[in-house]
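Undergrad: I would like to see how this sequence folds:
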Amino acid sequence: MTPATPITVIETITHLALGGAQRVALNLATDLPAAGPFRTFLVTGPGEGMYDEARQKLNDRLILCPHLKREIDPLSDFKALCHLYRVYRHLRQTAPGPVVVHTHAPKAGVLGPVAALMAGITTRVHTLHGLPFDQSQPRRVRLALSAFAWMGQQAVTHTISVSNANAAVALRHRYTRPEHLTVIPPMTDEPGSAGRSVAALRQKLHLPPDRFLVVMVASLKHPKDPFSLVEAAALLRDQHSDFPYFFVFVGGGSQEEELKRRIAGHGLGEHTLLTGWRPDAGLFMDACDVAVLMSFGEGIPLVLAEALLRDKKVVATPVGGVPELVREPQDGFLVPPGDARALAQRLEELRRQHQPHELTRVSPDLRLAAYLPGQVVAAHGRLFEHLVSH
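TA: Here you go, the predicted model:
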């Protein structure tokens with residue numbers, strides 16, 4: 001292989017709903033060709049979220065796999081496996097050089113490497129954005145999901161972990177070996193520009209100008225825990241005769257209807273906004289006073305890195321790689337998973353300390369540069385070139 005021979009990289013993810021793994025897969029498919037001798041494709045199942053953006057950026061390099069979905073369904077999973085095999089085989093046969101299949105998310109991380117092995121692709125990489133099990137689940141469920149993840153890893157030739165914490169778990173569960181494991185942080189979007197009027201942003205987004213604005217940007221599905229934020233909001237409302245808070249949930253998913261029911265049950269409707277999926281979620285981060293991410297399991301959540309890049313305070317749960325990113329107290333606070341009372345206490349503490357900024361800001365913290373697209377894309381490019389040459 002000469003240095004100019006293109007490497008075909010097939011990014012594969014279960015769906016393109018709004019989320020960190022999806023952002024990484026799309027950004028790699030979009031930006032890798034500018035970082036070296038790469039031609040890229042993105043294979044994904046149907047759904048909602050970032051599909052319009054993907055079509056605009058990738059055109060015919062976006063390939064839909066109609067049977068690839070998050071839920072376990074043996075018939076659909078078999079059809080998805082067969083479809084992935086056909087796609088991979090065609091791309092391998094027409095590739096001008098080496099081929100890498102790079103998978104994200106648990107379902108694609110099982111079906112993709114197996115299909116790639118069947119198609120004769122020798123470099124099969126999977127990124128662990130998070131673990132498929134967490135301590136909130138019954139033990140039998142955790143064991144089953146761990147076994148499922150272990151089986152998927154047997155067809156993988158190299159594993160990327162987005163955090164040191166998840167890398168340690170992967171080694172402990174024997175998903176991979178140290179020589180086949182690399183830690184690369186996830187990539188954020190570029191932070192919003194400094195110097196924009198926060199008041200104008202709130203007006204544009206129809207948000208109250210004078211409330212302490214708490215934003216949670218997340219896919220509303222397990223392991224995310226938006227319900228603890230609702231419970232914390234109810235506790236805070238009981239402490240104030242003139243309620244100074246406003247809460248925004250940006251995202252959608254299977255928890256959305258139950259979330260609406262609990263908000264209504266606590267009488268918090270006039271203090272809460274559910275936006276659904278929003279391509280401009282970053283604007284809500286620019287406009288907020290504090291970002292919250294309650295969760296039972298994570299890799300390293302991009303939403304927290306994006307909040308810190310905007311010089312925002314955060315409150316999150318110390319799961320996965322979150323403690324690698326969030327430093328107490330300078331970045332905010334970590335509270336136990338599911339602990340609404342601790343969350344309410346920390347939010348009130350941040351509100352009392354808060355000094356409003358009239359203009360948006362960009363953090364001067366140099367350690368956050370490791371999460372910016374240019375560095376993360378370059379790290380993947382170096383790894384892929386190394387893997388196909390050895």
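
Undergrad: isn't there a helix covering Gln56?
TA: Yes: under DSSP: H, G, I helix; E, B strand; the rest coil, Gln56 sits within a helix.

Undergrad: What is the neighbour count of it?
TA: 10 (other C-beta atoms under 10 Å). For the C-beta atoms, the positions are set from N, CA and C on the backbone; glycine is no exception.

Undergrad: Distance check, it against Ala316.
TA: 32 Å (C-beta to C-beta, to the nearest Å).

Undergrad: buried sites along the helix or strand containing Ser228?
TA: Assigned by DSSP states H and E, Ser228 belongs to helix 226-239. Going by neighbour count (16 or more other C-beta atoms under 10 Å), the buried part of helix 226-239 is Pro226, Phe227, Ser228, Leu229, Val230, Glu231, Ala232, Ala233, Ala234, Leu235, Leu236, Arg237.

Undergrad: My guess is Leu111 contacts Leu68. True?
TA: Yes: look at Leu111 against Leu68 with C-beta atoms under 8 Å: they come within range, at 7.1 Å.

Undergrad: Excluding covalently adjacent residues, which one is nearest to Arg23?
TA: Distances taken as C-beta to C-beta, 6 or more residues apart in numbering place Leu302 nearest to Arg23, at 6.1 Å, with adjacent residues excluded.

Undergrad: So which of the buried residues of helix 226-239 is the closest to Arg310?
TA: Leu229 (19.3 Å; C-beta to C-beta).

Undergrad: Gln22: what's it in contact with?
TA: Gln22 sits next to Ile13, His15, Leu16, Gly49, Met50, His104 when contact means C-beta atoms under 8 Å, 6 or more residues apart in numbering.

Undergrad: mind redoing it with 6 Å?
TA: Leu16, Met50 (C-beta atoms under 6 Å, 6 or more residues apart in numbering).

Undergrad: for it, helix, strand, or coil?
TA: Applying three-state DSSP: Gln22 is helix.

Undergrad: My guess is Ala119 contacts Val87. True?
TA: No: counting by C-beta atoms under 6 Å, Ala119 does not reach Val87; the two are 8.4 Å apart.

Undergrad: right, and Ala344 touches Ala234 too?
TA: No: Ala344 is beyond contact range of Ala234, at 8.6 Å (criterion: C-beta under 6 Å).

Undergrad: so what's Val125 bridging to?
TA: Bridge pairing for Val125 (DSSP bridges) gives the partners His102, His158.

Undergrad: how much space between it and Thr159?
TA: Val125 is 7 Å from Thr159, by C-beta to C-beta.

Undergrad: How about Leu334?
TA: For Leu334, the distance to Thr159 equals 27 Å [C-beta to C-beta].

Undergrad: between these two, which one's more packed in?
TA: Thr159 (23 against 19).

Undergrad: any weak-confidence spans in the protein?
TA: The chain contains residues with pLDDT under 70 at 1-4, 133-134, 192.

Undergrad: residue ranges for the strands of it, please.
TA: 7-13, 38-44, 62-64, 99-104, 123-128, 158-161, 181-183, 212-217, 245-250, 272-276, 290-293, 313-316, 332-334 (DSSP state E).

Undergrad: Show me which positions of the fifth one end up buried.
TA: In terms of neighbour count (16+ other C-beta under 10 Å), strand 123-128 has its buried residues at Thr123, Arg124, Val125, His126, Thr127, Leu128.

Undergrad: Next, format the residues you listed as JSON lines and append distance to Leu293.
TA: Listed next are the buried residues of strand 123-128 as JSON lines, based on distance: C-beta to C-beta, whole Å:
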{"residue": "Thr123", "distance to Leu293": "33"}
{"residue": "Arg124", "distance to Leu293": "31"}
{"residue": "Val125", "distance to Leu293": "27"}
{"residue": "His126", "distance to Leu293": "24"}
{"residue": "Thr127", "distance to Leu293": "20"}
{"residue": "Leu128", "distance to Leu293": "18"}
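
Undergrad: just these now: which is nearest Pro191?
TA: Distances from Pro191 to those, taken by C-beta to C-beta, are shortest for Thr127, at 22.7 Å.

Undergrad: so how far is Gly109 from the closest one?
TA: Taking C-beta to C-beta, one finds Thr127 at 8 Å from Gly109.

Undergrad: on contacts alone, who are the packing partners of the top helix by length along the chain?
TA: Among the segments of the chain that qualify as a helix by DSSP state H, the longest is helix 74-94. If contacts are counted by 3 or more C-beta pairs under 6 Å, 6 or more residues apart in numbering; DSSP states H and E, helix 74-94 sits against helix 106-118.

Undergrad: ok and the helix it packs on relative to strand 7-13, angle-wise?
TA: 140 degrees (axes from the mean of the first three to the mean of the last three C-alpha atoms, to 10 degrees).

Undergrad: Please export the C-alpha coordinates of helix 106-118 as CSV.
TA: Extracted C-alpha coordinates of helix 106-118, given in CSV (Å, rounded to 0.1, in the frame of the first residue of the first chain):
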residue,chain,number,x,y,z
PRO,A,106,-24.4,-2.2,21.1
LYS,A,107,-26.6,-3.6,18.3
ALA,A,108,-24.4,-2.4,15.5
GLY,A,109,-21.4,-3.5,17.6
VAL,A,110,-22.6,-7.1,17.5
LEU,A,111,-24.0,-7.4,14.0
GLY,A,112,-21.5,-5.1,12.2
PRO,A,113,-18.3,-7.0,13.1
VAL,A,114,-19.9,-10.4,12.4
ALA,A,115,-21.1,-9.2,9.0
ALA,A,116,-17.7,-7.7,8.3
LEU,A,117,-16.0,-11.0,9.2
MET,A,118,-18.3,-12.8,6.8
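
Undergrad: Thank you kindly, that will do.
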